[in-house]
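[1] missing the sequence, but the structure's below:
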């Protein structure tokens with residue numbers, strides 16, 4: 001029961017931030033939905049490359065977390081792993097896209 005009250009406290013303390021994130025999700029969906037198909041791949045590969053910031057942030061959190069806090073270490077490791085996959089995937093998509101424009 002204590003967890004539920006702490007979660008409700010978290011939501012009430014960060015109400016504006018939660019509304020901002022929800023609004024950003026809707027705006028992002030509308031913006032990405034309006035992009036023509038021909039521009040979608042280069043924009044998304046560039047956005048995936050920006051996720052390198054997630055990797056740096058996850059490494060920073062892991063370095064500053066308590067070694068006994070296995071949850072934060074596991075989540076940090078997962079963030080590093082998924083961020084790395086996203087960055088590599090962005091560069092692979094960009095490379096494949098640029099290959100289409102090379103002369104044979």
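    Sure, I can see it. These figures come from a predicted structure and were not determined experimentally.
[2] Name the residues of the longest helix seen in the chain that are buried.
    Longest helix of the chain, by residue count under DSSP state H: helix 70-100. Neighbour-count burial for helix 70-100 flags 76, 79-80, 83, 86-87, 90, 93-94 (criterion: 16 or more other CB atoms under 10 Å). Just so you know, the C-beta spots here come from the backbone N, C-alpha and C atoms, and that holds for glycine as well.
[3] Tell me the one of the residues you listed nearest residue 36?
    The closest of the buried residues of helix 70-100 to residue 36 turns out to be residue 93 (CB to CB; 16.7 Å).
[4] before we move on, back to that, okay, the buried residues of helix 70-100 in CSV with pLDDT and distance to residue 51 next?
    Listed next are the buried residues of helix 70-100 as CSV, based on pLDDT from 0 to 100; distance: CB to CB, whole Å:
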residue, pLDDT, distance to residue 51
76, 88, 15
79, 87, 10
80, 90, 11
83, 87, 5
86, 83, 5
87, 83, 6
90, 77, 7
93, 77, 13
94, 76, 13
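[5] And the furthest pair within the residues you listed?
    Among those, 76 and 94 lie farthest apart (CB to CB), at 27.0 Å.
[6] Could you identify the helix or strand that succeeds the worst-scoring helix or strand of the chain on mean pLDDT?
    Least confident helix or strand of the chain, by mean pLDDT, DSSP states H and E, is helix 37-50 with a mean of 70. The helix or strand immediately downstream of helix 37-50 is helix 52-64, counting by DSSP states H and E.
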